[in-house]
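Colleague: below are the sequence and a predicted model; questions follow.
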Amino acid sequence: MFDRAEIEVRAGVGGAGVISFRREKHVPFGGPDGGDGGDGGDVVIRADASVDSLRVFGRKRFYRAADGQDGKGKGKHGKKGESLILAVPVGTVVSYKTQIGSDALIADLEQSGQQAVVAKGGKGGLGNTHFASSTNQAPELAQKGEPGEENSIILEMRLIADVGIVGYPNVGKSTLLAAASAAKPKIASYSFTTREPILGVVEVGQRSFVLAEIPGLIDGAHLGRGLGHDFLRHIMRTKILIHLIDGSSVSPVENMIRVNAELSLFDSALAQKPQLIVVNKIDLHQVQARLTEIKGAFSSAGTTPLFISAATGEGVAGLMAETMKVLHSVAVEGGIGERVPVKVFRPQPKGAGPRVYKEGNTFVVVAPELERIVAGADVTSPGMRWQLRRQLVKLGVSKALERAGIKPGDRVRCGDLEWDW
Ligand SMILES: Nc1nc2c(ncn2[C@@H]2O[C@H](COP(=O)(O)OP(=O)(O)OP(=O)(O)O)[C@@H](O)[C@H]2O)c(=O)[nH]1
Ligand SMILES: [Mg+2]
């Protein structure tokens with residue numbers, strides 16, 4: 001099952017702004033006319049109804065969007081880099097892989113056409129026209145483009161089943177799925193026979209719904225025990241649950257309570273989904289003999305279960321008709337059709353002012369705006385140094401340094417450049 005893929009995405013680098021001056025007849029030095037660099041392209045993930053698996057992402061791991069073009073003279077701006085759009089199946093959950101190991105949700109693409117930006121393109125650098133002022137009419141400063149964001153992204157396909165069958169191993173989930181649909185899951189008398197969620201379509205009269213077996217739920221599943229943890233996520237989208245209980249177990253009621261505790265420990269929303277409580281294996285003698293006792297125990301726990309034998313088919317049609325009814329009432333209550341707004345993920349806060357910290361005797365300036373100017377500047381020219389100094393004031397770097405206690409003669413570093421204050 002290709003229900004999960006990890007990919008690396010890199011957005012385009014912004015194009016560089018340029019230093020250029022107008023050349024006119026009879027005018028030895030025209031004004032600055034260096035255009036800005038174009039923004040780098042984004043990497044975008046978009047849900048597409050015509051895509052049905054994440055298979056392609058298993059074959060190719062790295063994706064990058066186009067870089068922005070550099071600006072040109074005569075005020076011409078560079079072209080924006082084209083965004084890279086990756087099509088994924090509807091129902092894909094997109095998250096960002098963090099260093100600490102837990103994933104951070106970016107977006108849940110529930111409808112065709114819904115999309116999320118997973119790596120933002122770098123902004124293009126400013127051309128030298130932006131650095132002109134009344135006192136500096138020949139600015140020799142321009143900005144380099146910003147780098148594009150780079151992220152590790154996890155794509156996961158959530159099963160879109162309407163109904164999930166949950167319950168301990170070996171209670172007869174596969175047997176029920178096979179009895180109610182054309183699915184052919186493996187059935188065996190040991191636990192964890194089913195290792196992946198399996199789907200089947202159930203027809204009730206003219207209508208149908210998708211039923212899924214959710215495998216491997218055991219005590220501690222919310223902590224990652226058994227197989228359940230991975231698949232608990234998959235049932236988040238189901239509208240209702242069939243909670244199947246083995247009638248031949250020592251205490252069917254206790255089993256129901258424990259499974260529900262497990263579900264709510266994983267996610268309280270999961271425990272609040274409507275459930276049909278179903279006792280299975282009523283064809284067995286020992287279950288027949290205890291039927292009244294079991295009914296009584298459930299009723300004192302506040303529920304009235306349905307009784308079936310998945311093996312013989314007794315009660316299965318009735319259960320499916322009941323499931324259809326509950327599904328319908330959930331839909332009418334407005335459980336479906338909610339829109340999830342597109343979330344754009346930005347790992348770094350933008351627009352933070354310059355920061356200064358001391359490294360030994362050197363004052364280090366962290367100011368991306370300035371670093372990008374510094375990276376492109378020829379600091380050997382005195383004119384250029386003067387222009388840079390003005391930018392230090394303008395971007396608030398001088399203030400930040402003074403606040404940090406800098407004195408004339410102290411060493412300052414910004415990006416690759418070091419100088420005395
Ligand atoms: N007598 C009887 N046995 C049943 C019934 N339903 C299932 N079984 C048996 O119970 C055992 C487990 O059935 P499965 O359908 O594989 O159970 P499961 O819940 O899917 O199990 P896992 O996938 O391992 O979690 C098998 O030996 C089935 O034949 C039933 O209604 N009556
Ligand atoms: Mg099974």
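Modeller: It's in. Ligands and ions are numbered 1, 2, ... in the order given.
Colleague: show me the strands in the stretch 1-150 of the chain, by range?
Modeller: Taking DSSP state E, counting those that start in this stretch as the criterion, the stretch 1-150 of the chain carries its strands at 4-10, 43-47, 62-64, 84-88, 92-97, 103-109, 115-119, 150-157.
Colleague: and the first one, how far out from the chain middle?
Modeller: Using Cα atoms, centre = their mean, to the nearest Å, we find the averaged C-alpha position of strand 4-10 to lie 11 Å away from the chain's own average C-alpha position.
Colleague: sheet partners, orientation included, of that strand?
Modeller: strand 62-64 (parallel), strand 150-157 (antiparallel) (DSSP bridges).
Colleague: quick one on the thing from earlier: okay, the strands of the stretch 1-150 of the chain in CSV with mean pLDDT next?
Modeller: Listed next are the strands of the stretch 1-150 of the chain as CSV, based on pLDDT from 0 to 100:
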stretch, mean pLDDT
strand 4-10, 93
strand 43-47, 96
strand 62-64, 97
strand 84-88, 96
strand 92-97, 89
strand 103-109, 84
strand 115-119, 96
strand 150-157, 91
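Colleague: got TSV for those strands, with mean neighbour count too?
Modeller: Where you see a C-beta, it was placed from the backbone N, CA and C, and this is true even at glycine. Output for the strands of the stretch 1-150 of the chain, formatted as TSV (neighbours: other Cβ atoms under 10 Å):
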stretch	mean neighbour count
strand 4-10	18
strand 43-47	23
strand 62-64	15
strand 84-88	19
strand 92-97	20
strand 103-109	19
strand 115-119	24
strand 150-157	19
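Colleague: now these as a markdown table including distance to residue 366?
Modeller: Formatted as a markdown table, the strands of the stretch 1-150 of the chain follow (distance: least, Cβ to Cβ, whole Å):
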| stretch | distance to residue 366 |
| --- | --- |
| strand 4-10 | 22 |
| strand 43-47 | 26 |
| strand 62-64 | 26 |
| strand 84-88 | 30 |
| strand 92-97 | 23 |
| strand 103-109 | 24 |
| strand 115-119 | 22 |
| strand 150-157 | 19 |
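Colleague: for those, which one sits closest to residue 379?
Modeller: strand 150-157 (28.9 Å; Cβ to Cβ).
Colleague: how far does that closest one sit from the chain's center?
Modeller: 7 Å.
Colleague: also stretch 282-292?
Modeller: 48 Å.
Colleague: got the residues of the stretch 101-250 of the chain near ligand 1?
Modeller: 169-175, 187-189, 191-194, 215 (Cβ under 6 Å from any ligand atom).
Colleague: again, only this time at 8 Å
Modeller: 167-178, 185-195, 213, 215-216, 244, 246, 248 (Cβ under 8 Å from any ligand atom).
Colleague: ok, of these, which come out buried?
Modeller: Among these, those buried by neighbour count (16 or more other Cβ atoms under 10 Å) are 167-178, 185, 187, 193-194, 213, 215-216, 244, 246, 248.
Colleague: just checking, which of these belong to helices?
Modeller: With DSSP state H as the criterion, helices contain 173, 174, 175, 176, 177, 178 from among those.
Colleague: out of the residues you listed, who's near ligand 2?
Modeller: Applying Cβ under 5 Å from the ion to these, one finds that 173, 174 fall near ligand 2.
Colleague: would you turn the ones in helices among the buried ones among the residues of the stretch 101-250 of the chain next to ligand 1 into TSV with pLDDT?
Modeller: Below are these laid out as TSV (pLDDT from 0 to 100):
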residue	pLDDT
173	95
174	95
175	96
176	97
177	95
178	94
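Colleague: the ones in helices among the buried ones among the residues of the stretch 101-250 of the chain next to ligand 1: which two are farthest apart?
Modeller: Longest span within those, Cβ to Cβ: 173 and 178, 9.7 Å.
Colleague: make TSV out of the strands paired with strand 4-10 and add distance to residue 240.
Modeller: As requested, those are exported to TSV (distance: least, Cβ to Cβ, whole Å):
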stretch	distance to residue 240
strand 62-64	38
strand 150-157	21
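Colleague: find the residue at the geometric middle of this structure.
Modeller: By Cα atoms, centre = their mean, the chain has its centre lying nearest to residue 95, at 2.3 Å.
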